[in-house]
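Novice: Show me the folded form of this:
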Amino acid sequence: MRIGMILDHEFPPDPRVENEAKVLMNNGHEVILFCWNFRDQPEIEIIDGIQIHRYKLPQKLFDLLSPLAYTVPIYNFILAHHIKQFLSDYHPDVIHIHDMVAVEPVLKVSEDSSLIVLDLHENRPEIMKTYSHINSGFGKFFINLNKWGKKQIEFIHVADKLIVVTNEAKKDILDHQNIDEENIYVVPNTVRLESFLEYPIDNMIVERFESDFVVLYLGSTGLRRGTDTAIRSIEILKNKIKNIKLVLVGKSRDDVKLKKLAKDLNVKKNVVFEGWQNFTLFPSFIKASEICISPLIRNRHHDTTYANKLFQYMSLEKPVIVSDCTAQKNIVQETNCGLIHKAGNEKELAENILHFYKNYELRKQMGANGKKAVIEKYNWENTSKNLIELYEKIENK
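Specialist: Take a look at the predicted model:
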């Protein structure tokens, strides 16, 4: 079948889109990807077999208009115009939409016979509630989150098939919506072992931290991720673990607040802000660490999704400490790969770090448990089977 994937962002990078496209192509399907061109990239390009068709849009315009998609629908009009051309050029058998924003434009321009698969990477309306630029100033006045929530519910019912990232997300939808369970497929964001474990280790990174007890955090450093909780835990531990280092690999607009917090708590020398790093360097930072953390703040979104970092940590045999957000707590309890603290509680996080610091054998055993779980179950080769099954059923019909 010919699958037209719709991504209202630039590509690459997007590991989920890439992984899904590759597994579908490996199973005999043709994948053509619609995406934006924020930079001066080729309009048409093939990357690892994925046919990419980019449409020009300045990123500043995207950043301004996309949050207003359901308030001042200029963005939807622009998106619909380009999607109409894309569908006219390629005539896909299935329109596979990544996230909810592009659904309305697709509905406006697609033929009635087009089968629509909605791939919800996240609960967008819920996560938007945590964005500082939406809760203040211009955003607070113009962005209607209630309308976003109603649109997501509408699109869940309109889509022919629905993909979510966790069993908890599936349960959340079934608990709140009258929808056929057979039309919902769970496709988690797990590690593609064949590529992730093959990235070469940068020994310079490992050597930089060889005399430190490194607690690692990978990903966006926004406050909703519990990064301030992590810094506060270091203030508790700095006199108990003299060589402790919290290494934050990622960035966000909250970095200014986090750096001020580290200064105010007198832990600047114990907190390392690495900023965004190339994805290929993630294994090197994980290798350099003793413990890896995911201290997410609890909300409906975080309770129903996995942070990709969790499986990256586990794949390289590192013990983890996570907050009690439902989905990630369930993984850690099931696999016995780490410890759990109450979200937002820096004292409990510090106690868990100290417990691991004093128990090398526990770190080693829980790290081994995590790697075993990834090799046997929580890897892309295994968790993508639901995606393959979905498209087999579509093709058979």
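
Novice: give me the low-pLDDT residue ranges for the protein?
Specialist: 112, 132-141 (pLDDT under 70).

Novice: Which parts of it are strands?
Specialist: Secondary structure of the chain by DSSP state E: the strands cover 2-10, 30-37, 44-47, 50-56, 94-98, 115-119, 161-164, 184-186, 213-218, 244-249, 271-273, 291-294, 320-323, 338-341.

Novice: Give me the buried positions along the longest one.
Specialist: Neighbour-count burial for strand 2-10, with 16 or more other C-beta atoms under 10 Å as criterion, is recorded at 3-10. For every residue, glycine as well, the C-beta is placed using N, CA and C.

Novice: Let me have these in JSON lines, adding distance to residue 27 as columns.
Specialist: What follows is the buried residues of strand 2-10, written out as JSON lines (distance: C-beta to C-beta, whole Å):
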{"residue": "3", "distance to residue 27": "11"}
{"residue": "4", "distance to residue 27": "17"}
{"residue": "5", "distance to residue 27": "15"}
{"residue": "6", "distance to residue 27": "20"}
{"residue": "7", "distance to residue 27": "20"}
{"residue": "8", "distance to residue 27": "25"}
{"residue": "9", "distance to residue 27": "25"}
{"residue": "10", "distance to residue 27": "26"}
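
Novice: what's near enough to touch the closest residue to residue 390 other than its chain neighbours?
Specialist: Nearest residue to residue 390, sequence neighbours excluded (C-beta to C-beta, 6 or more residues apart in numbering): residue 185, at 4.8 Å. Contact analysis of residue 185 by C-beta atoms under 8 Å, 6 or more residues apart in numbering lists 161-164, 386-387, 389-390.

Novice: try residue 98
Specialist: Residues in contact with residue 98 (C-beta under 8 Å, 6+ apart) are 5-8, 14, 16-17, 119, 121.

Novice: any chance of those residues in JSON lines, plus distance to residue 75?
Specialist: Formatted as JSON lines, the contacts of residue 98 follow (distance: C-beta to C-beta, whole Å):
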{"residue": "5", "distance to residue 75": "19"}
{"residue": "6", "distance to residue 75": "14"}
{"residue": "7", "distance to residue 75": "14"}
{"residue": "8", "distance to residue 75": "8"}
{"residue": "14", "distance to residue 75": "19"}
{"residue": "16", "distance to residue 75": "22"}
{"residue": "17", "distance to residue 75": "20"}
{"residue": "119", "distance to residue 75": "19"}
{"residue": "121", "distance to residue 75": "18"}
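
Novice: Go through these and name the one nearest residue 292.
Specialist: Of all the contacts of residue 98, residue 16 has the smallest distance to residue 292: 20.6 Å, by C-beta to C-beta.

Novice: Now that closest one: closest residue in space, sequence neighbours ignored.
Specialist: Distance criterion C-beta to C-beta, 6+ apart; nearest residue to residue 16, sequence neighbours excluded, is residue 189 at 5.6 Å.

Novice: Hmm, the one you found is touching residue 165, no?
Specialist: Yes: contact between residue 189 and residue 165 holds when scored by C-beta atoms under 8 Å: they sit 5.7 Å apart.

Novice: Now do the shared contacts for those two.
Specialist: By C-beta under 8 Å, 6+ apart, residue 189 and residue 165 have these common neighbours: 121, 306.

Novice: quick one: which of the two has more around it?
Specialist: Per other C-beta atoms under 10 Å, whichever of residue 189 and residue 165 has more neighbours is residue 165, with 24 against 20.

Novice: Surely that one and residue 186 touch.
Specialist: Yes: contact criterion C-beta under 8 Å: residue 165 and residue 186 qualify, at 7.3 Å.

Novice: Give the buried residues for stretch 266-279.
Specialist: In terms of neighbour count (16+ other C-beta under 10 Å), stretch 266-279 has its buried residues at 267, 270-274, 277.

Novice: My error: substitute stretch 73-87 in the last question.
Specialist: By 16+ other C-beta under 10 Å, the buried positions in stretch 73-87 come out as 75-76, 78-80, 82-83, 86-87.

Novice: Kindly report the same for stretch 322-341.
Specialist: For stretch 322-341, burial by neighbour count (16+ other C-beta under 10 Å) applies to 322-329, 331-332, 335, 337-341.

Novice: returning to what we had before: how about the strands of the chain in JSON lines, adding distance to residue 198?
Specialist: Converted to JSON lines, the strands of the chain look like this (distance: least, C-beta to C-beta, whole Å):
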{"stretch": "strand 2-10", "distance to residue 198": "25"}
{"stretch": "strand 30-37", "distance to residue 198": "23"}
{"stretch": "strand 44-47", "distance to residue 198": "18"}
{"stretch": "strand 50-56", "distance to residue 198": "19"}
{"stretch": "strand 94-98", "distance to residue 198": "26"}
{"stretch": "strand 115-119", "distance to residue 198": "26"}
{"stretch": "strand 161-164", "distance to residue 198": "27"}
{"stretch": "strand 184-186", "distance to residue 198": "27"}
{"stretch": "strand 213-218", "distance to residue 198": "18"}
{"stretch": "strand 244-249", "distance to residue 198": "19"}
{"stretch": "strand 271-273", "distance to residue 198": "26"}
{"stretch": "strand 291-294", "distance to residue 198": "20"}
{"stretch": "strand 320-323", "distance to residue 198": "22"}
{"stretch": "strand 338-341", "distance to residue 198": "25"}
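
Novice: Good, we can wrap up now.
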